[in-house]
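[1] Build the 3D model from these lines:
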Amino acid sequence: MLDLARLRSIRLHTKPWSQRLIAEGFLQFDYRHVELVLEGLETLPKTPVIYAMNHTDNYNYWPLQYALHKRFARYTAAWVKGKNYEHPFVAWFMAATNNIPIASRGYLLTRDFVHTMRRRPTEPEYRALRDGVDGGLAVDASAVPREILTKARDMFGRRFEPTRERYDEALDAVFGELMRCFVDLNRGALAMGLDLLVFPEGTRSLRLSRGHIGIAQVALHLGATIVPVGCSGSNHVYPGGSPSAKPGRIVYRFGRPMTPDAFADLAPPRTFVPFGREDEERYGPVFQAVTDRVMDALNELLDPEYRYAESQHGTGTEGTHRFL
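    Alright, predicted model coming up:
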């Protein structure tokens, strides 16, 4: 499970042995019948950037990391979901391969519910909890099990005492602590020369969907440059759950770097707390506008079959199953 102790234990490496081992010990042989095409590299800054890439399949980040390793000895720290830390081996693998876990509010309230009730929340229960947490309001006690609101417990490394605070206050507090650690890890990654790899859609989807605002908050807060990267063809090389590649062709197109100046007309007028509920409420439209600009640039880098669907709605997992 992802909690404060695990997040604080993460150690990133400038030249991660795991990425190099996978590249040299497996991928260079596995990719003998895979054509990797990288376009637009001439515009890639030499300084660390945030790659904003679409996520069509389980492994479309591997060919990119392999190519960056081979051509530039350049490495990434990728954002991954909290649910990847539910299984001990997968959690170890994620830590070993230089990933940074992000704990969404949805993950936290779903995992806490399962921990407390030994079952997933129903969609109405989840919605009642989410509405309370997002709005900073007391959760409707008639809509969720009593234990969720009244049982004292450890909540991801922080003690929840219902006699001292409401459920929504406790979840918001632990979310804030987790995200401060998350932002610090991103700051450290860029400082040590690592690129950040982000999938703004937050899920796998063949057609590009609207991005979430996390990438905008981190980039604006840290003053980082975003480079959109369009990946086309990886889903044919990795059609299922196997990490073994099928013969095929994968094209990565690197867009023009988007420095903080590219968002000067949109950026918040003052400093803000990344992922803070009040600042997300105040500047949410700004963060979404920045993200939309990045996603629009990304859309132009994709083959037609991967570009926005008319609704801009993804094809990923729905409901609470997307969190665990």
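
[2] how about stretch 132-151: buried residues?
    132, 133, 139, 144, 148, 149 (16 or more other C-beta atoms under 10 Å). C-beta coordinates here come from the backbone N, C-alpha and C atoms, glycine included.

[3] Equivalent analysis for stretch 161-169, please.
    Under the neighbour-count criterion of 16+ other C-beta under 10 Å, stretch 161-169 has 166, 167, 168 buried.

[4] next one: it to chain centre, how far?
    Offset of stretch 161-169 from its chain centre (C-alpha atoms, centre = their mean, to the nearest Å): 28 Å.

[5] now stretch 118-128
    Worked out by C-alpha atoms, centre = their mean, stretch 118-128 lies 23 Å from the chain centre.

[6] Identify all contacting residues around it.
    106, 109-110, 113-114, 129, 139-140, 143-145, 319-321, 324 (C-beta atoms under 8 Å, 6 or more residues apart in numbering).

[7] So which of those residues sits lowest on pLDDT?
    Among the contacts of stretch 118-128, residue 319 carries the weakest pLDDT, at 71.

[8] Mark which of the buried residues of stretch 161-169 are part of helices, please.
    Secondary structure assignment by DSSP state H places 167, 168 of these in helices.

[9] Can you list the low-confidence ranges for this protein?
    313-318 (pLDDT under 70).

[10] residue ranges for the helices of the stretch 151-300 of the chain, please.
    Taking DSSP state H, counting those that start in this stretch as the test, the helices found in the stretch 151-300 of the chain are 167-191, 214-222, 234-237, 277-299.

[11] Check the protein for me, the residue farthest from its geometric middle.
    residue 163 (34.2 Å; C-alpha atoms, centre = their mean).

[12] Nearest residue to it in space, please, no chain neighbours.
    Closest residue to residue 163 apart from its sequence neighbours, by C-beta to C-beta, 6 or more residues apart in numbering: residue 152 at 7.9 Å.

[13] Tell me if I'm right that that neighbour and residue 164 touch.
    No - applying C-beta atoms under 8 Å as the test, residue 152 and residue 164 come out as separate, 9.5 Å apart.

[14] shared neighbours of these two, which are they?
    Common contacts of residue 152 and residue 164 (C-beta under 8 Å, 6+ apart): none found.

[15] any idea which element the residue nearest to the spatial centre of the chain lies in?
    Taking C-alpha atoms, centre = their mean as the criterion, residue 79 is the residue nearest the geometric centre of the chain, at 4.2 Å. Applying DSSP states H and E as the criterion places residue 79 in strand 76-81.

[16] who touches the helix or strand just after that strand?
    Per DSSP H and E, the first helix or strand lying C-terminal to strand 76-81 is helix 88-96. Residues from elsewhere that reach helix 88-96 (C-beta under 8 Å, 6+ apart): 6, 9, 10, 16, 18, 80, 84, 85, 101.

[17] give the contact list for the last one.
    What it means is residue 101. Shown in contact with residue 101 (C-beta under 8 Å, 6+ apart): 2, 6, 7, 10, 79, 80, 81, 82, 84, 85, 94, 182.

[18] Return the distance of it relative to residue 243.
    20 Å (C-beta to C-beta, to the nearest Å).

[19] which secondary structure elements does the strand holding residue 79 contact?
    Counting contacts by 3 or more C-beta pairs under 8 Å, 6 or more residues apart in numbering; DSSP states H and E, strand 76-81 packs against helix 61-72, strand 99-102, helix 167-191, strand 195-198.
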